[in-house]
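Student: Following is a predicted model, sequence given first.
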Amino acid sequence: MHALLDVILPVFLVIGFGYIAVWRGLFPESGVDALMKFSQHFAIPCLLFSAITNLDLSSSFDSRLLISFYFGATCGFLFGVGGARLFFHREWEDCVAIGFCCLFSNSVLLGLAINERAYGPEALAGTYTIIALHSPFCYGLGITAMEIVKNQNQSLLVMVGGIMRAMFRNALVVAITAGFFVNLLDISLPKVLGDGLDLVTQAALPTALFALGGVLIQYKPEGDARIILMICITALLLHPAITWILGTALSVPGDTLKTGVLTAAMAPGVNAYIFANMYGRAKRVAASSVLVATATSIFTAWLWLMILQ
């Protein structure tokens with residue numbers, strides 16, 4: 001109960017404030033869109049850039065953690081694609097969009113916030129290493145799979161070009177790449193720039209969580225409930241379970257493994273809907289999955305916190 005009250009509920013209260021504010025007309029939907037653009041395109045990229053420039057890459061990048069997390073994510077993606085095809089007979093493009101919902105956990109908005117409250121800011125190095133590869137990996141896998149099933153006769157060069165363009169239009173990918181560039185070249189940022197970044201990054205998570213609540217009200221629970229249930233089970237239970245089992249087998253240090261498993265246990269992010277909308281495939285299922293899984297993760301995240309104690 002301590003974990004639920006002290007760690008999880010404060011995060012979801014901020015999301016709830018955003019949801020209620022828009023629902024009751026206290027905050028306009030246009031304002032939520034602007035707030036989400038600010039957080040997704042400016043504040044969170046600044047947060048990730050700042051965090052990665054200050055990471056001790058030699059000690060923070062644990063390949064065993066990354067293998068555990070991304071093997072679990074890939075298994076979730078394949079299970080989502082295969083399940084949608086075999087059990088629900090969806091078209092291949094729909095299957096990829098559904099698989100992406102199982103793949104793309106909300107590692108930034110929920111993962112950072114809950115891990116910080118559960119284990120403290122000093123434990124976030126593992127979460128940042130996961131986030132550093134999250135958008136490139138997930139978009140790379142999802143876009144590649146979608147382009148393959150959509151354009152089976154397209155040349156490999158054209159396909160790769162399309163994938164790279166889509167990835168590097170993402171502000172998070174650009175910020176992460178810039179952060180690695182500064183870190184690896186050991187570039188010292190001017191103090192005034194660092195102070196400015198700190199001001200913006202302090203607004204990142206609360207702004208993003210409030211905006212997430214406002215965005216979720218736009219998603220109505222529609223679509224095939226059985227597919228939504230499959231996505232929730234895969235994203236909230238299967239992915240973290242595989243991460244936990246494989247991480248234990250690979251002897252990932254305890255505190256690092258905890259943050260990895262908890263990050264894997266986060267609900268599909270809004271990007272799952274953005275991906276489906278980008279291709280016009282399984283949009284209702286994706287939107288409903290984001291809403292239902294986010295609400296359900298209040299309890300599944302609590303479950304994982306108790307398991308990981």
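Tutor: Here it is on my side, so go on. Numbers count the residues shown, from 1 in each chain.
Student: going forward, measure contacts between C-alpha atoms and count neighbours the same way
Tutor: OK.
Student: and residue 156, what pLDDT?
Tutor: For residue 156, the pLDDT comes out at 65.
Student: Please apply the same query to residue 301.
Tutor: On pLDDT, residue 301 comes in at 92.
Student: next one: residue 3
Tutor: We have a pLDDT of 55 for residue 3.
Student: Tell me who's in contact with the residue positioned nearest the centre of the chain.
Tutor: Residue closest to the average C-alpha location in the chain (C-alpha atoms, centre = their mean): residue 106, at 2.7 Å. Counting by C-alpha atoms under 8 Å, 6 or more residues apart in numbering, residue 106 makes contact with 263, 266, 267, 268, 269, 270.
Student: top of the residues you listed by neighbour count?
Tutor: Highest neighbour count within those: residue 267, with 34 neighbours (other C-alpha atoms under 10 Å).
Student: That one reaches residue 299, doesn't it?
Tutor: No: look at residue 267 against residue 299 with C-alpha atoms under 8 Å: they stay out of range, at 11.3 Å.
Student: For the chain, name the helix or strand with the lowest mean pLDDT.
Tutor: helix 2-3 (a mean of 56; mean pLDDT, DSSP states H and E).
Student: what number of residues lie near residue 120?
Tutor: When neighbours are defined as other C-alpha under 10 Å, residue 120 has 11 of them.
Student: pLDDT weak spots in the protein?
Tutor: Along the chain, the model assigns pLDDT under 70 to residues 1-6, 59, 152-156, 159, 162-163, 166-167, 222-223.
Student: go with 80
Tutor: 1-8, 55-61, 151-170, 172, 218-223, 274, 277-278 (pLDDT under 80).
Student: Apart from its neighbours in sequence, what residue is nearest residue 201?
Tutor: Once flanking residues are discounted, residue 201 sits nearest to residue 47: 4.8 Å by C-alpha to C-alpha, 6 or more residues apart in numbering.
Student: TSV please, covering the contacts of residue 106 and showing secondary structure.
Tutor: Shown next, in TSV, are the contacts of residue 106 (DSSP: H, G, I helix; E, B strand; the rest coil):
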residue	secondary structure
263	helix
266	coil
267	coil
268	strand
269	coil
270	helix
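Student: Surely residue 118 and residue 7 touch.
Tutor: Yes: counting by C-alpha under 8 Å, residue 118 touches residue 7, with 5.5 Å between them.
Student: what separates residue 27 from residue 179, distance-wise?
Tutor: According to C-alpha to C-alpha, to the nearest Å, residue 27 and residue 179 sit 34 Å apart.
Student: Neighbour count: those two, which is higher?
Tutor: For residue 27 versus residue 179, the count of surrounding residues by other C-alpha under 10 Å is larger for residue 179: 22 against 15.
Student: Go ahead and confirm the more buried one touches residue 49.
Tutor: Yes: between residue 179 and residue 49 a contact is recorded at 4.6 Å, counting by C-alpha under 8 Å.
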